[in-house]
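# Quick one: sequence and predicted model below, then my questions.
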Amino acid sequence: MNKTNRQKAFDIYKEHGGKIALTEIARMLGSPEGTVRGWKSKDKWDEKLNGTFQKEKENAPIEKAERSKKNKGGAPKGNKNAKGNSGGAPSNNKNAVSHGLFAKWLPPDTLEILTGVAQLGPADMLWQNIMIQYTAVLRSQKIMYVQDHYDKSEETIGMSQGIDSQSMTKMVQMAWDKQDQFLSAQSRAMSVLNNMIKQFILIADEKDERRLKLQQIEAGIELTKAQTAKIEKTLDNDSSATFPDISGLLAPIDE
């Protein structure tokens, strides 16, 4: 019988004694890295390597026999918990039809995304959120850029017209208003990003190579914080101060 990629992935991991990067296994099999991580988590590869599963297998016949002796004859006398149950899950149990429920109510594209997400472990999902949040923070540098002290924005948001006259309503934002909003939004985004990084470090495997990339991201965060503090301090006194270009911080994500 031909082995599935899931089985082959564990075989490769076992052959290397758990000392091979999951990205390398994914490359060898042509499977997504997140999928391989999901297999490792769900199939408990490390426990299998340490012999945990083998011990459980050896003890199972004894434990099963003991349970059979204890349970012979059904539930204990007077126990009514299983009354009316002919075996298996209750007739109104919906656990087994959750996938069918999703297929019935979710659009096909959403169901496809759900199927892919189901293969990811908690650390993988958290990592993807870190990447999305960090990318959004960096992208905002261009969107919310304030050129200098005189950078004023005007936009028409309403217009009315009478028989002999017309009027417009405009929204005006001065440079200091825009800079204040940007700094506040960035501080909130940085706090969320920092919390996600801390959570990832807590749940990720110690051998997870993504921990190294987090050091680059954290360095970028610290640099951005330092530049933000400097700008906040100098803008009040220097009308020619501009927001520095930090597009180089994108490098950790592109690598």
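Arrived safely, thanks for sending. Residues are numbered from 1 along each chain as shown.
# on contacts alone, who are the packing partners of the lengthiest helix in the chain?
For the chain, the longest helix by residue count, based on DSSP state H, is helix 175-203. Under the contact definition 3 or more CB pairs under 8 Å, 6 or more residues apart in numbering; DSSP states H and E, helix 175-203 sits against helix 122-143, helix 210-234. In short, each C-beta sits where N, CA and C put it, glycine included.
# any low-confidence regions in the protein?
The chain contains residues with pLDDT under 70 at 1-2, 52-100, 228, 231-232, 234-255.
# Distance-wise, check Ser31 relative to Asp43.
Per CB to CB, to the nearest Å, Ser31 is found 14 Å from Asp43.
# three-state assignment of the spatially most distant residue from the centre of the chain?
Distance from the C-alpha centroid of the chain, by CA atoms, centre = their mean, peaks at Asp164 (58.6 Å). With DSSP: H, G, I helix; E, B strand; the rest coil as the basis, Asp164 sits in coil.
# ok, Ser31 - contacts?
Contact analysis of Ser31 by CB atoms under 8 Å, 6 or more residues apart in numbering lists 5, 9, 25.
# where does it land in three-state SS?
Per three-state DSSP, the local secondary structure of Ser31 is coil.
# how close does it sit to Asn5?
Remark: distance between Ser31 and Asn5 (CB to CB) = 5 Å.
# Sitting in helices, which of the contacts of Ser31 do you find?
Per DSSP H, the contacts of Ser31 map to helices at 5, 9, 25.
# now these in CSV, with distance to Ile157 and neighbour count?
Output for the ones in helices among the contacts of Ser31, formatted as CSV (distance: CB to CB, whole Å; neighbours: other CB atoms under 10 Å):
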residue, distance to Ile157, neighbour count
Asn5, 56, 15
Ala9, 56, 23
Ile25, 55, 23
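# Assumed Thr169 was part of a helix.
No: using three-state DSSP, the assignment for Thr169 is strand, not a helix.
# That one contacts Glu154, doesn't it?
No: judged on CB atoms under 8 Å, Thr169 makes no contact with Glu154 at a distance of 11.2 Å.
# which residue packs closest to Met159, ignoring adjacent ones?
Met168 (5.1 Å; CB to CB, 6 or more residues apart in numbering).
# Next, count neighbours for that neighbour.
10 (other CB atoms under 10 Å).
# Quick check: it touching Glu154?
No: look at Met168 against Glu154 with CB under 8 Å: they stay out of range, at 10.3 Å.
# before we move on, back to that, Serialize the contacts of Ser31 to TSV and add fields for distance to Tyr150.
As requested, these are exported to TSV (distance: CB to CB, whole Å):
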residue	distance to Tyr150
Asn5	60
Ala9	59
Ile25	56
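# ok, the residues you listed vs Ala103, which is closest?
Asn5 (24.3 Å; CB to CB).
# Just to check, that closest one is in contact with Pro32?
No: in this structure, Asn5 is not within contact of Pro32 by CB under 8 Å, at 10.5 Å.
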